[in-house]
Each structure stands twice: as structure tokens, then as C-alpha cells.
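Q: sequence and predicted model, in that order:
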Amino acid sequence: LGRRINSAFQDLSKVPTVDAASIDQLLKSVCNALIEADVNVKLVANLRSQVKAQVTALLNDKANANWTDAQRRQRVQKAVFDHLVALVDPQHGQTKTEDDSGAVVAAGNAGPGDIFKPKKGKPNVIMFVGLQGSGKTTSCTKLALYYQKRGFKTGLVCADTFRAGAFDQLKQNASKINVPFYGSYTETDPVAISAAGVASFKQNRFEVIIVDTSGRHKQEQELFDEMREIDAAVTPDLTIMVLDANIGQAAEAQSRAFKEAAGYGAIIVTKLDGHAKGGGAISAVAATSTPIMFIGTGEHAADLEPFRAQPFISKLLGMGDISGLMDKMEEMQMNGGQERQQEMLKKIGEGGVFSIRDWREQLSNIMGMGPLSKIAGMIPGMGQMLSGAGGDDEAAGSKMKRMMFITDAMTAEELDSDGRMFTAPIRSKKPPAESKELAIAESSTAAGKSKKKKKPQPKMRMTARARRVARGSGTSVREVEEFLMQYRMVGGMVKRFGGKDGFLRQMGMGG
Ligand code: GDP
Ligand code: MG
């Protein structure tokens, strides 16, 4: 999906003027990509007409007559971006941003604590629903750890009597994080178990009581009946539906059916650490107007993150998760107090160049932080490239190593440069396919240059210098080109927005 939308944006960056016809073309490509990614057709049609109306009004406004094409392009992209964000964030515009410990988790978004805040000293019952295999038991454990860390006395109830070994799985998970659990090897009625488990934890003054359910039955109707009965027995304060990010087109029907049966108030989207872009989650949220509370980003108990709409959409569009990357960079700084890191940020804050050497430094720090596949996904353009290569830690590691080899083959002068010396403009009208991705990088930094350059940017080709680096590093010109593209996207953003806060504010993520 990211690739297709990017290529739609890229087509837009090729046309000399941004007019009604080219906007139609862009919207058509974006909508086709969204439909292919299993976003509901009606939703996509709405997005299309709304964005079109908004953009047309903006571009026809006389006050904006002197916008450059780069500015017009940026407006169209931003309109698409904002509409996608609004789709996954039904509470968009609410600016409360705390989790239940009071920490700000996401500016401009509802945070977990806005969706649900357990009351101290009282029993808060949370019930999980979702299909078998979606990640319920794993997510129950993650949520138990989350609340336990925040000082709530937390317990887990296993009401999955359907799958053999379900209780053992929960027991094992719970023991690992030292959370008390309740279940039975002999009782086969999930309603009886959940009622007894919740009652027992209530008696012992537990504050957060999490009920895991089975999610599978011979008949769908029986499953939904079971949900209703458990719901009636434990009267949860919050029901959470767990949705596998790989669900695809079934997301809408499934989320509606569970909504009817269990009336859940929040969604957890799991397995967003893999290749899944989570397109189905958009349909689920829109179909049920239910917010996503957390995302699951791994198999371990700590792999639970508060949902943030903007980074989610950025990733969906293949734009990378710059705010996540910035967080990691900051974390590195805090951990080691790296002087170089501070120097670099200071230099950039003062308007200096984010050089290839700086990017190399960031990369090498990042490589020490692991897990690589997760971090690589935050680098613009990297996620897509990796999903072609398996998308795992190993693939990410070898990709990053090759990026380091490329910098090893550069001279000091090249490392201290902004990389422009590796490219030269192409005169001919039709650029070779190879320079396609570079065009994205250039359009993404075009806004900063728009005041100076009124004409569209010339297409670029790789120079002999780039070929020398490819040879010297044992990589290909294509890889050098990719390296430069990523460097430019990261560098362009870091520099243009002068650090995290500036960037977030610019993208409407700041407070
Ligand atoms: P349940 O049947 O709904 O209870 O699903 P489980 O919790 O047993 O999870 C099914 C599988 O998905 C297990 O192998 C989990 O380790 C895996 N899983 C769950 N959540 C995540 C996640 O966020 N990321 C990854 N990579 N795997 C997950
Ligand atoms: Mg389970």
C-alpha cells in the first residue's frame, strides 16, 4: 500500500502544474491503493470526495493564488494524510493526551487513559474478545503488565475452555510477569469460570481484572452467544476487541459482529511489527467508531504501545515513523549522554547541514539498539524495502550493514557533504526508471526550497562518484541511490523542522 500511494504522490511530483486533472489522477491512485489494502469501498469513496472538495476550494482560493506547485502538492498530500488520520482516530481533535499515569503519550490524539482509566481502589473488569489467533492471550498479558507497572493490583482470568492448553499458556505468561491468574483444568463452562475468577479477584481487592476468552466455536452464533453470556456474568467496565493487523477485508464484518455481541469500547491491533500495514484496522475503526487503544508490536509482554494515529498513517503511506525515530535518537542521547549526538543536534538547531557523516553516526547508534527490524521500519523508505527482503531482524541487520559499507567507501569530503555531489540533473524528458525513488526524496524536501525554485526540480541521475562508492563498498549503484534517498528523507526532515518539536508541530502532531 505504502508503495502505491507513494507512487501516486510521486506521479503528482512529476506533473509540472497541480491542477484539477492531476489531483483527480492522484486521488484515483490513492483510492485504488486503499481499496486494494482492504479499506472499505464506501469509506474510500468518501475520502475521495471530501479531499477533492477541500483541496479544490483551497487551490481556487484567490488568497492562495501565489502558491508554488511545491506548496500545492504539499497541500494535497497533507489533505490525504489528514483524512486518513481522521479515519483511524474517531476522537480526533480531542487534545487530552495522557495515559493513566499522567504522562503525555500522544499530542493531538486520544491516549489510552482517555479511552479508559481504571479507578484506584476499585475492581475494574476488562474483558477481551476477538477471533482465535488474533493475539488475545498475548495482549491480555501485555495489558496486565501495563497496569501492574502503573501500580494497579492486577489479575488474569482464563475463560478459554475451548482450546487445549489455553490455561497453561495464560499461566505461563502470567508467571513470567508475576501477575496472579485464575483458571481451571476441569471446569468446561467459560461463563462459570469467568464469573468465579472475577468474584475471587474482587474478593481479594484486585483493581484490574482481565478476562481472556476463547474466540472460537463450532458455530459463529455460539461464539457470539458465549460473548454475551460472559459479558452478562462479569459486567466488564471495558471490553477490548483484538484485531490482527493482517485481517484484510474481513475486518469490517468481524468488527461489526463483535460490536453487536460484546459492545467493545476499544481496539488493540496486534502484529504491527511484521509486514502488515494494518489497512483493515481503518475499516474496523470507521465501521464501529471505536478507538484503537494500543498496538501490539511483538510477542513479548512489553511489546505494547499506545496507539498514535499520525505515525500509524505515516507508516501506512511509507513515510516512515520520524517521531518514533526521533524518540529513539533522544533515548540514545539519554542513555549514553553521547557528546557527538548533542553536538549534532546543536549544529542542526543552528542551521548546520545534517551531513552523511551525521546519518552514518545515527545509523551506527541505531544498530546497537535492536531489535533492528522494528527500528528499521521507522526509517522512511526502509520498511518497504525490507518487506521485500523478509522483514526480519536479520534482513534489517544486513541492510543496515550494507548502508555502513557504503559510508565506509566514501571520502571525508563526501561524508561531510549533503550528498548532492553524487547526483547530476538529467536533461532528457524521460528519466530512467532507476531514478524514480530519488524523485520522492526530492519532492519530500521540495517545500523547503520552494521559495527559491519556482520550476519543477530536474530529474537526477547517479554520477561516476556514486558508481565508485558502489564498487568500493561491494554494493550496487541502486543501493547507493537508496541510501542517499533515505539519508535525504531523514536529513530533510531533521533539518527542515529543526528537531522533534518543530517537526511534530509542522505535521499537526504537536500540542
Ligand atoms: P489468541 O488465540 O487470540 O489468544 O492469540 P494468542 O495470544 O495466542 O496469539 C497468537 C499468536 O500470535 C502467538 O504466536 C503470539 O505470539 C502471536 N502474537 C500476538 N500478538 C503479537 C504481536 O503483536 N506481534 C507478533 N509478532 N506476534 C504476536
Ligand atoms: Mg488465547
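A: Everything's here; your move. Numbering: from 1, shown residues only. Ligands and ions are numbered 1, 2, ... in the order given.

Q: where does Gly352 land in three-state SS?
A: What DSSP: H, G, I helix; E, B strand; the rest coil gives for Gly352 is coil.

Q: mind checking how far it is from Glu394?
A: 36 Å (CB to CB, to the nearest Å). Glycine gets a C-beta too; all of them are placed from N, C-alpha and C.

Q: mind checking how far Lys347 is from Asp358?
A: Taking CB to CB, one finds Lys347 at 8 Å from Asp358.

Q: in the stretch 51-200 of the chain, which spans are strands?
A: Counting by DSSP state E, counting those that start in this stretch, the stretch 51-200 of the chain has strands at residues 124-129, 154-158, 181-182.

Q: for stretch 21-33, what is the average pLDDT?
A: Average pLDDT, stretch 21-33: 77.

Q: okay, the residue nearest the centre of the chain: pLDDT?
A: Centroid check for the chain by CA atoms, centre = their mean gives Phe312 as the closest residue, at 2.9 Å. We have a pLDDT of 80 for Phe312.

Q: restricting to C-alpha, output the helix or strand that it is a member of in CSV.
A: Per DSSP states H and E: Phe312 is located in helix 309-316. The C-alpha atoms that make up helix 309-316 are tabulated as CSV, following Å, rounded to 0.1, in the frame of the first residue of the first chain:
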residue,chain,number,x,y,z
ALA,A,309,-2.7,7.9,14.6
GLN,A,310,-0.2,10.1,12.8
PRO,A,311,2.8,7.7,13.0
PHE,A,312,0.4,4.9,12.1
ILE,A,313,-0.7,6.6,8.9
SER,A,314,2.9,7.8,8.1
LYS,A,315,4.0,4.2,8.2
LEU,A,316,0.9,3.1,6.1
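
Q: ok, the closest residue to the residue nearest to the centre of the chain other than its chain neighbours to Gly265 distance?
A: In space, and not counting its chain neighbours, Phe312 is closest to Val88: 6.1 Å by CB to CB, 6 or more residues apart in numbering. The gap separating Val88 from Gly265 is 16 Å, by CB to CB.

Q: more crowded one of those two?
A: Between Val88 and Gly265, Val88 has the larger neighbour count (other CB atoms under 10 Å), namely 26 against 19.

Q: before we move on, the earlier item: include mean pLDDT, mean neighbour count and distance to ligand 2 when you put the strands of the stretch 51-200 of the chain into JSON lines, please.
A: Below are the strands of the stretch 51-200 of the chain laid out as JSON lines (pLDDT from 0 to 100; neighbours: other CB atoms under 10 Å; distance: least, CB to the ion, whole Å):
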{"stretch": "strand 124-129", "mean pLDDT": "97", "mean neighbour count": "25", "distance to ligand 2": "9"}
{"stretch": "strand 154-158", "mean pLDDT": "97", "mean neighbour count": "28", "distance to ligand 2": "8"}
{"stretch": "strand 181-182", "mean pLDDT": "96", "mean neighbour count": "23", "distance to ligand 2": "13"}
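
Q: how about JSON lines for the ones you listed, with distance to Thr56 added?
A: JSON lines is the format used below for these (distance: least, CB to CB, whole Å):
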{"stretch": "strand 124-129", "distance to Thr56": "42"}
{"stretch": "strand 154-158", "distance to Thr56": "52"}
{"stretch": "strand 181-182", "distance to Thr56": "57"}
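
Q: would CSV of the ones you listed with distance to ligand 1 be doable?
A: Rendered in CSV, the data for the strands of the stretch 51-200 of the chain read as follows (distance: least, CB to the nearest ligand atom, whole Å):
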stretch, distance to ligand 1
strand 124-129, 8
strand 154-158, 10
strand 181-182, 14
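
Q: which residues sit in contact with the residue of the stretch 301-450 of the chain found nearest ligand 2?
A: At 14.5 Å from ligand 2, Ala301 is the closest residue in the stretch 301-450 of the chain, using CB to the ion. Applying CB atoms under 8 Å, 6 or more residues apart in numbering, we find Ala301 in contact with 141-142, 145, 173, 176-177.

Q: which SS class is it?
A: coil.

Q: and the pLDDT at it?
A: pLDDT, read off for Ala301, is 93.

Q: now swap in the one 4 residues further on and tell me
A: The predicted local confidence for Glu305 comes out at a pLDDT of 88.

Q: surely it touches Ile292?
A: No - contact criterion CB atoms under 8 Å: Glu305 and Ile292 do not qualify, at 10.7 Å.

Q: how many residues are close by Thr213?
A: Thr213 has 30 nearby residues by other CB under 10 Å.

Q: so what's the closest residue to Phe81 other than its chain neighbours up against?
A: Using CB to CB, 6+ apart and skipping the chain neighbours, the partner closest in space to Phe81 is Ile313 (6.2 Å). When contacts are counted by CB under 8 Å, 6+ apart, Ile313 is found next to 81, 84-85, 88.

Q: from the contacts of Ala301, which would you call buried?
A: The neighbour count (16 or more other CB atoms under 10 Å) marks 141-142, 145, 173, 177 as buried among the contacts of Ala301.
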